[in-house]
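Have a look at this prediction, sequence included:
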Amino acid sequence: MLEQAIYENYGIQMERQEPVGGYHAFISRDTLFSIIPLQEINEADLKERLGMSEHLKMQGDKYVSSFVMSKNQTYISEADGTIFLLLSNPLLKEPRDLHLGRKLARFHIRGRSYPSQVKECSRIGQWKGMWEQRIDQLETVWREKLQSHPNNEVERIFVESFPYYMALGENAIQYLVDTEIDEQPGEPDAGTVSHERFSKQTWAGKYLVRNPFQWVFDHRSRDISEWIRQHYLLNPHTYQPQMKDFVSHYQRTSPLTAFSARLLYSRLLFPIHYYETIENYFIAGAESKQNELQESLETMINRSHLYEAFLQSFYEASEIPARALKLPKLDWL
């Protein structure tokens, strides 16, 4: 039915399916089309994503997806009760001669010149409030489990480990607040097109696609820190060479300010990986998924001393000039 709706609404015939970036996608006439399902229609949000994508394309980014207009002169379509829209990309493979850090820096420079105000997609200045809310919500669950006593191994681990990770989160918030008090943002610290969660997979795959529905408008340190976090968690013993390479190539194109470096560090301090694992466990229905999350949680707890060591040596290991930028270190690490 979806295939028929796409043909009727857009006049596009599916030739072969080619999943991209977690979305259903297909190829037709040397063009890759991504199908983006929408939970609801937020016109302001869609307008911002359209504006950012058109701006980046005008800035020369040929990998950014285009919104596809239907025969009815609208971007929104419906099939079997599902609201969706189409994005299109030429079939362009990722160039092998550019390092990811350099590509991300160029992407941020282009996004920083976006002239319109962003509201719906913006996360600028919202970290503190969102982090506090995250901690408060989990603390409420923790107190309930503490009083009712844990029912299983995961709840026992949660009850025992949460005070440590709550303190780590509170330290991240304090580091963020101190940064905003102590440092004056420079021109490179202006908001830019960023990603909800940038990682090695974001721009990976057979074809390079920069999808506006993976974006937020935020400080550039968001993307840098989340790539580093994922890379470290996957390679806790061998993370340094690739991390140093990633940061080095980013800085050659767009050097970090003291403000950027401290925001980056505050995000690494905030243990979102722990919070998300706990949250996902309590909403996971399938037992197999719960078992997987239990294993992840146990690994995380067992490696907490390694994560502390990672945080302690981060500026040195990433070759960010902490002394020149006068970056403070945490006493307790």
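Yes, it's here. Numbering: from 1, shown residues only.

Could I get the full set of helices for the protein?
Here the chain has its helices, by DSSP state H, at 2-10, 43-58, 100-112, 127-148, 153-182, 221-234, 240-253, 258-269, 272-283, 287-302, 304-312, 314-318, 322-325.

as a whole number, average confidence for the longest one?
Over the span of helix 153-182, the pLDDT mean works out to 95.

Run the chain-centre distance for it.
Helix 153-182 has its C-alpha centroid displaced from the chain centroid by 20 Å (C-alpha atoms, centre = their mean, to the nearest Å).

Now do the buried residues in that helix.
The neighbour-count check on helix 153-182 (16 or more other C-beta atoms under 10 Å) flags 154-155, 157-159, 161-162, 165-166, 168-169, 171-173, 175-176, 179-180 as buried. C-beta here means a position set from N, CA and C on the backbone, and glycine is covered the same way.

What of the second one?
Taking 16+ other C-beta under 10 Å as the neighbour-count basis, helix 43-58 is seen to contain the buried residues 46, 48, 49, 51, 52, 53, 55, 56, 57.

Check the first one too.
Going by neighbour count (16+ other C-beta under 10 Å), the buried part of helix 2-10 is 2, 5, 6, 9, 10.

Of the helices of the chain, which is nearest residue 77?
Among the helices of the chain, helix 2-10 comes nearest to residue 77, with 4.6 Å by C-beta to C-beta.

what distance separates the closest one from the centre of its chain?
31 Å.

by contact count, what packs against that helix?
On a contact count with 3 or more C-beta pairs under 8 Å, 6 or more residues apart in numbering; DSSP states H and E, helix 2-10 meets strand 31-38, strand 77-79, strand 82-90.

Please render those strands as a markdown table that adds distance to residue 307 and mean neighbour count to the earlier fields.
Formatted as a markdown table, those follow (distance: least, C-beta to C-beta, whole Å; neighbours: other C-beta atoms under 10 Å):
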| stretch | distance to residue 307 | mean neighbour count |
| --- | --- | --- |
| strand 31-38 | 35 | 19 |
| strand 77-79 | 45 | 16 |
| strand 82-90 | 37 | 18 |
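
Take the ones you listed and lay them out in JSON lines including mean pLDDT and distance to residue 271.
Shown next, in JSON lines, are the helices and strands packed on helix 2-10 (pLDDT from 0 to 100; distance: least, C-beta to C-beta, whole Å):
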{"stretch": "strand 31-38", "mean pLDDT": "94", "distance to residue 271": "31"}
{"stretch": "strand 77-79", "mean pLDDT": "89", "distance to residue 271": "40"}
{"stretch": "strand 82-90", "mean pLDDT": "94", "distance to residue 271": "33"}
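
of all those strands, which lies closest to residue 116?
For the helices and strands packed on helix 2-10, the distance to residue 116 is smallest for strand 82-90, at 19.9 Å, taking C-beta to C-beta.

Provide the contact partners of the closest one at residue level.
Identification of contacts with strand 82-90 by C-beta atoms under 8 Å, 6 or more residues apart in numbering yields 2, 6, 10, 12, 30-41, 46, 62-63, 65-68, 75-78, 207, 209, 211-213.

again, 6 Å this time
31-38, 65-66, 68, 75-77, 209 (C-beta atoms under 6 Å, 6 or more residues apart in numbering).

same question, stretch 233-245
Here stretch 233-245 has contacts from 228, 231, 232, 303, 306, 317, 318, 319, using C-beta under 6 Å, 6+ apart.

tell me the mean pLDDT for that stretch?
Computed over stretch 233-245, the mean pLDDT rounds to 96.

Let me have the helices of the chain in CSV, extended by distance to residue 25.
Output for the helices of the chain, formatted as CSV (distance: least, C-beta to C-beta, whole Å):
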stretch, distance to residue 25
helix 2-10, 12
helix 43-58, 16
helix 100-112, 21
helix 127-148, 31
helix 153-182, 36
helix 221-234, 23
helix 240-253, 27
helix 258-269, 30
helix 272-283, 26
helix 287-302, 25
helix 304-312, 36
helix 314-318, 35
helix 322-325, 42
